[in-house]
Structures are given as structure tokens and as C-alpha cells.
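S.K.: can't give you the sequence, but here's the structure:
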Ligand code: B16
Ligand code: MG
């Protein structure tokens, strides 16, 4: 049975994780809540709503629903001001080579991202045409570590979860892929993503031989 590939977006295809960090940090500081890289790690792959909830919990703050919505909007506006400055040059090293190899060899590809801005970002990067299907934060009701986003991707791609190879940079995303018995590939720090079936610092470490190993791997 053929394998299919599911790519996370933020931190895998493009380093928007640094923009999320900046925007959340500014917001947290304005609320007098300390926010470091360590806390940020726990927000990777986590929806906008759940991220703000966590930050407020860390700072022991209670706010009204209206204020909550205003803050989510404010964070997103700042985040998008960074995103809108991106171009093709921001695609992380090795990503295009991997996407080209998979396309040339007719492997089905989906995006599985928690972001509601995924389509806008893919457009900016000129990557839309690589993806047979896009599942993003607008289409799921349960955020990672729930596997809903990846299961929807499998369904659209027409493969069983065991046939899906998921590239993820977040602990929540690796957990989601593992829960659904998919083949999980951690992109980033192995000490953080050690639960993945495979670990790479980035796509520049992934070549044709590596992709064949992933394709032949049985969980
Ligand atoms: P947005 P991914 C996730 O994207 C990010 O990792 C996470 O930090 C962010 O809060 C979430 O998207 C929601 O993003 O505010 O754009 O809807 O890594 O799942 O591609
Ligand atoms: Mg990510």
C-alpha cells in the first residue's frame, strides 16, 4: 500500500514559530506575565485559543470573554504583520527538495496545521500547488495533541493512518501522530521531540535515501 505524507506548517516548512513567539511575548509582557522560550515550546502546535488560555493560567489572570477575544485578535494582527513580510526565501532549507521529490514520485501530500492562517502563509511562500489537501485550524474542532487534524488528512488522502508519515516540530504534534499510529518524524531538537519514530534537525538532513527509509518503515 502506498505511503502518504502530512506536513505540519509552522516550524516545519517555515520558521513562523519565531513570529508566534514574538507576538505572544509582547502580549504576555503587556499583561505582566513572564514568558520565555521554555513556555513558548509548550505553545508550539497549540491553537491560538488554547495558547492564550495557557498564558493567562501561567500568569494567574482572569479576564472577560470580550477582553480574551480582543487579545487573540491583537496577537494575530501582530503575527500577521511579520508573516506578510515573508517570501519564498523563508522556506526552510531542504523543504523544497523534499516536496519536489515526493511530487515527482507521485506521493500524496497534505498539510496538517493548527494554524488558521495556513492558506495565507502557503500562498506567500508559493507552495499551494504541492498540497493535494490542506487541513488547518479552520477545519478541526479538537486541537493537537488530539490527532483529528492528521486523521482528517489521512481520510482526504485516502490512506490508513499507519501509511501516513507526519513531519512535526511540536511535542503536541508528535503525540497526535503517535496516538493515531502514524509514522512520526520530529523536525528540530531531539531532546524535545524524542517520542518521534525518527528525528532530524531539519530537512537539509533528509535526502532521497532518508525518504526511502521512511517510506519502507513499518510501525
Ligand atoms: P494561528 P502548526 C500552529 O501551527 C503553531 O505551531 C502554534 O504556535 C499556533 O498557535 C497555532 O498554529 C495557531 O496558529 O494563530 O495562526 O491560527 O505548527 O500546527 O502549523
Ligand atoms: Mg509546528
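M.R.: Thanks, I have the structure now. Note that the coordinates shown come from a computational prediction; the quantities given were computed from them, not determined experimentally. Ligands and ions are numbered 1, 2, ... in the order given.

S.K.: residue 151 and ligand 1, how far apart?
M.R.: Counting by Cβ to the nearest ligand atom, to the nearest Å, the gap from residue 151 to ligand 1 is 15 Å. (Glycine included, C-beta is placed from N, CA and C.)

S.K.: what sits against that residue?
M.R.: 161, 180 (Cβ atoms under 8 Å, 6 or more residues apart in numbering).

S.K.: that one and residue 135: what is the separation?
M.R.: Residue 151 sits 9 Å away from residue 135, taking Cβ to Cβ, to the nearest Å as the criterion.

S.K.: residue 190: neighbouring residues, count only.
M.R.: Number of residues near residue 190 (other Cβ atoms under 10 Å) recorded here: 12.

S.K.: secondary structure class for the residue nearest to it when sequence neighbours are not counted?
M.R.: Take residue 190 and drop its neighbours on the chain: the residue closest to it by Cβ to Cβ, 6 or more residues apart in numbering is residue 199, 4.3 Å away. Three-state assignment for residue 199 (DSSP: H, G, I helix; E, B strand; the rest coil): strand.

S.K.: following the helix ranked longest in the chain, which helix or strand shows up next?
M.R.: Secondary structure of the chain per DSSP state H: the longest helix is helix 65-83. Once the chain leaves helix 65-83, the next helix or strand it forms, by DSSP states H and E, is helix 95-104.
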